[in-house]
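**Q** sequence unavailable; structure follows:
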């Protein structure tokens, strides 16, 4: 097939450069998708740094572990003209990803989208919102009426988690975030109360603030940060309460005390999207998109053209972006 504009990682640790790049002829089980939106995610940045647990990807390659587009060439199951979300393994396995104008995608990694779905918002939500939904419902087994504490509520996972906890039936949602702006946004998105996270926090002080913000013991903690916030959040849990960890943006380790775990029979659970089957991922994405189309879920995001991929990449990597940056043709 002919070459198309693409953001290409030529050196690990450096932003991509936009060049024309050949795309492979699609296999029998692949569709050709014209890309309409490709988010720059933390996983993309991690893989392109060369320091991920997937190993160092071979360069050059096109990053982008997910995207939204329109099927140009179908295979009988999904017709041309269908709007779809899709996943790739770019940066984790050999091959190119979504940050280009056209891409072959395995049919198993494609999810048709309903009418009315905004491609840029769906791209911004994507796997982060899938993670929030599945961590809450599948791993966390959220029951109707339960109280949920969402850590890292300023990030995409946390923002989605506040809203999706409510959609899943939570009776009360408390959001913890670093910036005052993020806490104000969490209240706007439906949180009942907020807690400030400070870099200087001790576990004791933060746990006290969390307990004050909650209405009695917490049933479930959604934790994309770990570190001191997770250790403090464990102390808010009721007997048999659950903390589901799906990230480590605060720290790779947490000073959780044994006495709290044992005295309250607390469950600390891990979550990764990599554990999902394609069907689980599809079902979760369908639920997230349905909530988005209904106006119940959104996240902060910016839209930038693919031609400015290097600048967009730097803004996302340096934390200067307003939410998730989504590249468009």
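**A** All right, it came through fine. Remember, predicted model here, so these are calculated numbers, not experimental data.
**Q** identify the residues contacting residue 207.
**A** Contacts of residue 207 were listed using C-beta atoms under 8 Å, 6 or more residues apart in numbering, and they are 231, 232, 233, 235, 236. The C-beta positions use only the backbone N, C-alpha and C, and glycine is treated the same way.
**Q** now those residues in TSV, with neighbour count, secondary structure and pLDDT?
**A** Formatted as TSV, these follow (neighbours: other C-beta atoms under 10 Å; DSSP: H, G, I helix; E, B strand; the rest coil; pLDDT from 0 to 100):
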residue	neighbour count	secondary structure	pLDDT
231	23	helix	98
232	29	helix	98
233	30	helix	98
235	20	coil	98
236	25	coil	98
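**Q** and which of those is nearest residue 38?
**A** The shortest gap between residue 38 and any of the contacts of residue 207 belongs to residue 233, at 33.3 Å (C-beta to C-beta).
**Q** these two touch, right, that closest one and residue 149?
**A** Yes. Contact criterion C-beta atoms under 8 Å: residue 233 and residue 149 qualify, at 5.7 Å.
**Q** in a markdown table: the contacts of residue 207, plus distance to residue 262.
**A** Putting the contacts of residue 207 into a markdown table (distance: C-beta to C-beta, whole Å) gives the following:
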| residue | distance to residue 262 |
| --- | --- |
| 231 | 15 |
| 232 | 18 |
| 233 | 17 |
| 235 | 13 |
| 236 | 16 |
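**Q** can you tell me the SS state at the residue nearest the centre of the chain?
**A** Among the residues of the chain, the one closest to the centroid is residue 128, at 1.5 Å (C-alpha atoms, centre = their mean). At residue 128 the chain is in helix, as set by DSSP: H, G, I helix; E, B strand; the rest coil.
**Q** what pLDDT is listed against residue 261?
**A** Note on residue 261: pLDDT of 95.
**Q** ok, it - contacts?
**A** Residues in contact with residue 261 (C-beta under 8 Å, 6+ apart) are 234, 268.
**Q** tally up the residues packed near the residue nearest to residue 264 when sequence neighbours are not counted, please.
**A** Of all residues not flanking residue 264 in the chain, residue 239 sits nearest, at 4.8 Å (C-beta to C-beta, 6 or more residues apart in numbering). Residue 239 has 9 neighbours, counted by other C-beta atoms under 10 Å.
**Q** helix or strand for residue 239, which one?
**A** Assessed by DSSP states H and E, residue 239 sits inside strand 237-245.
**Q** buried residues in that strand?
**A** By neighbour count with 16 or more other C-beta atoms under 10 Å, strand 237-245 contains the buried residues 237, 238, 241, 242, 243, 244, 245.
**Q** hmm, who's touching it?
**A** 135-136, 139-141, 216-224, 226, 230, 233-234, 264-271.
**Q** now that strand: mean pLDDT?
**A** For strand 237-245, the mean per-residue pLDDT is 98.
**Q** ok, now stretch 154-174?
**A** Averaging pLDDT along stretch 154-174 yields 97.
**Q** equivalent analysis for stretch 277-290, please.
**A** What stretch 277-290 shows for mean pLDDT is 96.
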